[in-house]
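**Q** This is the structure alone, sequence omitted:
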Ligand SMILES: C=C(C(=O)O)c1ccccc1
């Protein structure tokens, strides 16, 4: 029988199977207020047969916002809206984590409090675009603004934002939180010499560039506990204009440092889903040697790739993104080796039920 459909102990949470729904930005949340939209509950409940749902990137504070239509976890309205969603997912037998997101310089003045510049490790503009709101309310792609460098004395407030967001996620009924440390957003920006040219203790050496990510992990763990905290990183990845040139050294350093924290999981977003190199078994073995804890692998996986990597022991669970957009019953389909609905990229971001809650299941829902 496939290992993919066997249970997994992930920190404080027991998963019924090793299929995770990857965090997926859908930009269908309500503005102003950045609360999850009216269809979000149905969307997540439809996918509750996943061993774990990692809900979409959710910004930890108003300054952390980088996309029009993304949700937050810093206000009581947001906590209340998420509480309805987690209760409904639990009612349907699911488990759900929240991805704590600070976009850093992948943002735009129009999304920032008071129209201020976004923040980043250094005042270097990302060679990337984001989604802002046009006058008619539609989403438009726009070049990210040049950020201002976070002052060293602002870091403590940033850690407090992560702590408060973690407390809010716990109060909202999430089973776990996932720190977003991947894809060229704030914490990944600090890892990268292309984005981080700081001369304080957060810039320069591998240790210094990884410092903020690890301080955030320690703050979130101190707020909840290690059994409820995971982190997503994208080693060797090239996203949103960053790729730390010392890729391998940084990746293996992070694995060693994160292993010491005994977290619920380490989620690896593999580079090849967005044009980076395919991870080879050599890297996977190096990573596993340094990180004996639960590893979630992700990046354009098929069920077969997941099963192969599970059996080799390189991963303990597999997260599916685009497959989960278009297949709410992905677990059932993979068990039956049934064909998958193809995703429709034109309805990935923004909009309404089309391409969100209207993908068909194999058997019509009873
Ligand atoms: C949160 C995202 C990520 O992790 O890459 C994201 C954001 C916008 C579009 C696609 C993906």
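**A** In hand now; what should we look at? Bear in mind that the values here come from a model prediction, so they are computed numbers and not experimental data.
**Q** Could you list the residues of the chain in contact with the ligand?
**A** For the chain, the contact set with the ligand under CB under 6 Å from any ligand atom comprises 25, 57, 67, 182, 183. Yep, even glycine has a C-beta here, placed from its N, CA and C like the rest.
**Q** Between all of these, which two are separated the most?
**A** Farthest-apart pair in the residues of the chain next to the ligand is 67 and 182; separation 15.3 Å (CB to CB).
**Q** Which residues are in contact with the residue lying closest to residue 166 once chain neighbours are set aside?
**A** Among residues not flanking residue 166 along the chain, residue 223 sits closest, at 4.3 Å (CB to CB, 6 or more residues apart in numbering). The contact partners of residue 223, taken as CB atoms under 8 Å, 6 or more residues apart in numbering, are 162, 163, 166, 167.
**Q** Same check on residue 116?
**A** 63, 109, 148 are the contacts of residue 116 under CB under 8 Å, 6+ apart.
**Q** Compute the number of surrounding residues for the second one.
**A** It stands for residue 109. Residue 109: 15 surrounding residues under other CB atoms under 10 Å.
**Q** now do the last one
**A** The number of residues packed near residue 148 is 14, by other CB under 10 Å.
**Q** re earlier: okay if I get the contacts of residue 116 as JSON lines plus secondary structure and pLDDT?
**A** What follows is those, written out as JSON lines (DSSP: H, G, I helix; E, B strand; the rest coil; pLDDT from 0 to 100):
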{"residue": "63", "secondary structure": "helix", "pLDDT": "98"}
{"residue": "109", "secondary structure": "helix", "pLDDT": "98"}
{"residue": "148", "secondary structure": "strand", "pLDDT": "98"}
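**Q** circling back to that earlier point, compare the contacts of residue 223 and tell me which has the most neighbours.
**A** Neighbour-wise, those (other CB under 10 Å) top out at residue 166, 26 neighbours.
**Q** wait, is that residue part of a strand?
**A** No: applying DSSP: H, G, I helix; E, B strand; the rest coil, one finds residue 166 to be helix, outside a strand.
**Q** Tell me where this structure has helices.
**A** 40-46, 76-91, 155-171, 186-191, 206-223, 247-260, 281-290, 303-312, 322-326, 330-336 (DSSP state H).
**Q** In a markdown table: those, plus distance to residue 270 and mean pLDDT.
**A** Output for those, formatted as a markdown table (distance: least, CB to CB, whole Å; pLDDT from 0 to 100):
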| stretch | distance to residue 270 | mean pLDDT |
| --- | --- | --- |
| helix 40-46 | 24 | 98 |
| helix 76-91 | 26 | 98 |
| helix 155-171 | 25 | 98 |
| helix 186-191 | 14 | 97 |
| helix 206-223 | 19 | 98 |
| helix 247-260 | 11 | 96 |
| helix 281-290 | 10 | 96 |
| helix 303-312 | 10 | 97 |
| helix 322-326 | 14 | 98 |
| helix 330-336 | 18 | 97 |
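**Q** Buried deepest among those helices, which one?
**A** helix 186-191 (a mean of 28; mean count of other CB atoms under 10 Å).
**Q** Determine the set of other helices and strands touching that one.
**A** strand 119-120, helix 206-223 (3 or more CB pairs under 8 Å, 6 or more residues apart in numbering; DSSP states H and E).
**Q** what lines up beside the shortest one in the sheet?
**A** Note on strand 119-120: by DSSP bridges, its sheet partners are strand 148-149 (parallel).
**Q** Quick one: residues in contact with the partner strand.
**A** Under CB under 8 Å, 6+ apart, the answer for strand 148-149 is 116, 117, 118, 119, 120, 121, 122, 123, 198.
**Q** ok, how many other residues are close to the residue in the stretch 151-300 of the chain that the ligand sits nearest to?
**A** Going by CB to the nearest ligand atom, the ligand is nearest to residue 183 of the stretch 151-300 of the chain, at 3.9 Å. Neighbours of residue 183 under the rule other CB under 10 Å: 22.
**Q** which residues does it contact?
**A** 234, 237, 239, 240, 269.
**Q** on that earlier part again, for residue 292, state which of the contacts of residue 116 is nearest.
**A** Closest to residue 292, out of all of the contacts of residue 116 and judged by CB to CB, is residue 63, at 36.1 Å.
**Q** ok, now which ones touch residue 182?
**A** Residue 182 neighbours (CB under 8 Å, 6+ apart): 188, 232, 233, 234, 237, 239, 267, 269.
**Q** please redo it, this time with the cut-off set to 10 Å
**A** With contacts defined as CB atoms under 10 Å, 6 or more residues apart in numbering, residue 182 is in contact with 23, 57, 99, 188, 191, 231-235, 237, 239-240, 267-269, 298.
**Q** now swap in residue 345 and tell me
**A** By CB under 10 Å, 6+ apart, the contact list for residue 345 reads 322, 325, 355.
**Q** need the contact list for the last one.
**A** By that I understand residue 355. 26, 28, 325, 326, 343, 344, 345, 346, 347, 348, 349.
**Q** Look up how far residue 321 lies from the fifth one.
**A** Summarising the geometry, the distance separating residue 343 from residue 321, computed by CB to CB, to the nearest Å, is 9 Å.
**Q** what do you get for the last one?
**A** Residue 349 sits 13 Å away from residue 321, going by CB to CB.
**Q** Which neighbours do the two have in common?
**A** residue 24.
**Q** sorry, back to before: the residues of the chain next to the ligand into TSV, with extra columns for pLDDT?
**A** Converted to TSV, those look like this (pLDDT from 0 to 100):
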residue	pLDDT
25	98
57	98
67	98
182	96
183	95
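**Q** sorry, back to before: please pick the buried ones from the contacts of residue 355.
**A** For these, a burial check counting by 16 or more other CB atoms under 10 Å picks out 26, 28, 325, 326, 343, 347, 348, 349.
**Q** thinking the first one is in contact with residue 324, fair?
**A** Going back to what we said before, that points to residue 26. No: contact criterion CB atoms under 10 Å: residue 26 and residue 324 do not qualify, at 11.2 Å.
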